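Student: here's a sequence, model it:
(one chain, ligands or ions: 2)
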Amino acid sequence: MSTTTQQAEPSGPTPRLAVLGTGVMGETVLAGALRAGWPASEVVATVRRPERGEELHERHGVTTTTDNGEAVRGAGLVVVAVKPKDVAALLAQVSEHLGEGAVVVSVVVGLTTRFYEDRLPAGTSVVRVMPNTPSVIGAGVSAVSGGSAASDDDVTLVERLLGQTGLVVRVAEKDQDAVGALSGSGPAYVFYVVDALAEAGVLLGLTRAVALELATATVLGSARMLDETGEHPVILREKVSSPGGTTVAALRALDEGGVRAAFLSALEAARDRSQELAAALEERS
Ligand SMILES: NC(=O)C1=CN([C@@H]2O[C@H](COP(=O)(O)OP(=O)(O)OC[C@H]3O[C@@H](n4cnc5c(N)ncnc54)[C@H](O)[C@@H]3O)[C@@H](O)[C@H]2O)C=CC1
Ligand SMILES: O=C(O)[C@@H]1CCC=N1
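Tutor: Ligands and ions are numbered 1, 2, ... in the order given. Got it, this is the predicted structure:
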């Protein structure tokens, strides 16, 4: 996987931004754009329910509408953040309203830039992104790949859009399903592990509150240690494991439980599901 890490760059031109489908990830990208310097007056978000639009307007000061066609008119950046099954119908609604030179950004798992190019005017620039939910606190990671008509400037613009959501990494599009399986879904695995650690603490007699606090602080500290020392996880794991001590006994139990193999199977399952979803939607529309 080829990667280039981008630094956050808050200044620069901010073409009008339309976010189509403003649920969990749409709102995360929208909030990141505002932090990156997009003025709220230059951001429009689309919703299915007007009450959700009012909530977004109150929280972020952006314009909202239920009309996707209206939202993309005059927009230089158009973020698609609906579920995969809703994308084809959405593209049919907006295709004729898309301005020349607009860059379409997909955060949708599985769907290729080709899926968009086949349904939008010839030559439309499409950039595929796989973000994750810690982006909401500026601690996410997003992988970006340009489609066949996306210029380097287009991809750079998308990197600027995401610059305040955390790390932004460029990857080849063929790797996006693997990225989705690792970092896209990854927060769910980490929350699962934290919950399991806390549950185990309760089994050993700790209160739920203390067990959860210890589990969260341990994951946070370990992640920061990996990041700040640059050491390989195996080296750091060995530093915890005293000869004949408690940690090795615990790690043996994890190995006997097949935890490592389960992670390998889990990522394969997520990757396969991503490809299945896309193949089914290609066939249907
Ligand atoms: N939640 C996550 O951790 C991640 C999600 N994604 C991708 O982000 C996309 C959105 O996922 P979530 O935000 O989690 O789902 P969500 O269900 O929270 O948001 C989707 C939103 O789109 C709206 N919507 C659907 N059709 C619409 C239409 N025609 N016009 C306007 N609004 C419409 C829905 O009402 C909903 O609010 C998915 O394609 C997913 O693959 C990608 C990476 C991580
Ligand atoms: O579960 C999903 O389909 C989305 C894509 C990556 C994370 N959440």
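
Student: need the strands for the chain, in chain order.
Tutor: With DSSP state E, the ranges of strands along the chain come out as 5-6, 17-20, 43-46, 63-65, 77-80, 103-106, 125-130, 140-146, 166-170.

Student: can you tell me which of those is nearest to ligand 2?
Tutor: strand 125-130 (7.1 Å; Cβ to the nearest ligand atom). Yep, even glycine has a C-beta here, placed from its N, CA and C like the rest.

Student: which helices and strands sit right next to that closest one?
Tutor: Packing partners of strand 125-130 (3 or more Cβ pairs under 8 Å, 6 or more residues apart in numbering; DSSP states H and E): strand 103-106, helix 113-117, strand 140-146, helix 152-162, helix 176-179.

Student: can I get the ones you listed in CSV with distance to Met225?
Tutor: Listed next are these as CSV, based on distance: least, Cβ to Cβ, whole Å:
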stretch, distance to Met225
strand 103-106, 34
helix 113-117, 37
strand 140-146, 18
helix 152-162, 26
helix 176-179, 24
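
Student: export the ones you listed to TSV and tack on distance to Leu236, mean neighbour count and mean pLDDT?
Tutor: As requested, these are exported to TSV (distance: least, Cβ to Cβ, whole Å; neighbours: other Cβ atoms under 10 Å; pLDDT from 0 to 100):
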stretch	distance to Leu236	mean neighbour count	mean pLDDT
strand 103-106	36	27	98
helix 113-117	38	21	98
strand 140-146	20	24	98
helix 152-162	29	21	97
helix 176-179	24	24	98
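
Student: of all the residues in this protein, which one is nearest ligand 1?
Tutor: Gly23 (1.9 Å).

Student: can you count the residues close to that residue?
Tutor: 13 (other Cβ atoms under 10 Å).

Student: ok, it touching Ala81?
Tutor: Yes: counting by Cβ atoms under 8 Å, Gly23 does reach Ala81; the two are 6.9 Å apart.

Student: ok so, going back, give the contact list for the residue of the chain closest to ligand 1.
Tutor: By Cβ atoms under 8 Å, 6 or more residues apart in numbering, the residues touching Gly23 are Ala81, Val82.

Student: pull the number of nearby residues for Val193.
Tutor: Neighbour tally, Val193, other Cβ under 10 Å: 14.

Student: how about it: what's its closest non-neighbour residue?
Tutor: Computed as Cβ to Cβ, 6 or more residues apart in numbering, the closest residue to Val193 that is not its neighbour in sequence is Val219, at 7.1 Å.

Student: Arg128 is in contact with Glu117, correct?
Tutor: No: Glu117 is beyond contact range of Arg128, at 10.9 Å (criterion: Cβ under 8 Å).
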